[in-house]
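1. Got a predicted structure plus its sequence, pasted below:
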Amino acid sequence: MRRCLAVMLALAAVAPTGCFTTPADRSVSRFEAQLPFTSFAGEDIVQLDVYLVERPAADPCINREVWEFGDEQVLQDRKGVLAENGLRACVLGETPPDGLQALLRSERSCPHPRRLRLHVGKPAVVVLGPPAPELRFQLRQDGRTAGVDLQLAQCVLQVTTRFTDDGRLALHFTPAIRHGEPAAMPRPGQDPSGTLRWEVQTEQPTDVYRGLDWDLTVAPNTYVAVGALPDRDV
């Protein structure tokens, strides 16, 4: 059965004091996922709670209820560009609709919520599902259409944050796809004592679709939904 994905990002700005010492990426327990947002020390730290909700393509909640409840007009001229490529996004405010809240609490629909803590300006990578053996789609941008055919492909969103002068959070989203066989690459590193060394990091080729990026500016403690249009293959 074809399935439709919606990624839920719960966003919170943190208190402007102290040092950043908490883990950068970890699972969120079912108990934690139902708690209010927590402030974490650091004047440039943002917390993202990420919920990947997967449901059948005809599911009424993620295909209708979420988008009737949310505000898509905040995308302005980017809404059409995303729609041409089967994507959509909206702002849900501090409390998502009841149907979506139930899906976020469901281990079947949302088995692995994640909590990311990152410095402002540093990109976070939100994974949108497991790798696919093959991924084919039509990329539409700048009035042109091109076929894309990738092997061992995994869709991700790159999310970069910054604080605005009025205390809100500006979010920049860029779709990307990791693909192909991972390769071990040597990189210079530095241990806590300052000694330089070489370390091996595993990397995959990544195609970044900057022509499909978009921006949202939200208040702290705000839910944002990103999903696929139901009449497009995902």
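-> Alright, I've got the coordinates.

2. For E181, the count of nearby residues, please.
-> E181: 8 surrounding residues under other CB atoms under 10 Å. Where C-beta positions appear, they are placed from N, C-alpha and C, glycine not excepted.

3. Help me confirm that it comes into contact with A153.
-> No - E181 lies out of contact with A153 (CB atoms under 8 Å); the separation is 11.7 Å.

4. where along this protein do the helices fall?
-> Ranges of helices in the chain, per DSSP state H, are 30-33, 60, 66-69, 78-84, 98-105.

5. Report the distance from the last one to the chain centre.
-> On the basis of CA atoms, centre = their mean, to the nearest Å, the separation between the geometric centre of helix 98-105 and that of its chain is 18 Å.

6. what do you get for the shortest one?
-> Mean-position distance between helix 60 and its chain equals 22 Å (CA atoms, centre = their mean).

7. outside of it, which residues touch it?
-> The contact list for helix 60, computed with CB atoms under 8 Å, 6 or more residues apart in numbering, reads G99.

8. Kindly report the same for the third one.
-> By CB under 8 Å, 6+ apart, the residues outside helix 66-69 that reach it are A6, R88, C90, L92, P96, P97, G99, L100, A225, G227.

9. Flag the shaky bits of the protein, pLDDT-wise.
-> 1-43, 184-185, 192, 200, 231-234 (pLDDT under 70).

10. Distance check, the spatially closest residue to G70 that is not a sequence neighbour against L75.
-> Distances taken as CB to CB, 6 or more residues apart in numbering place C90 nearest to G70, at 3.1 Å, with adjacent residues excluded. Using CB to CB, to the nearest Å, C90 is found at 8 Å from L75.
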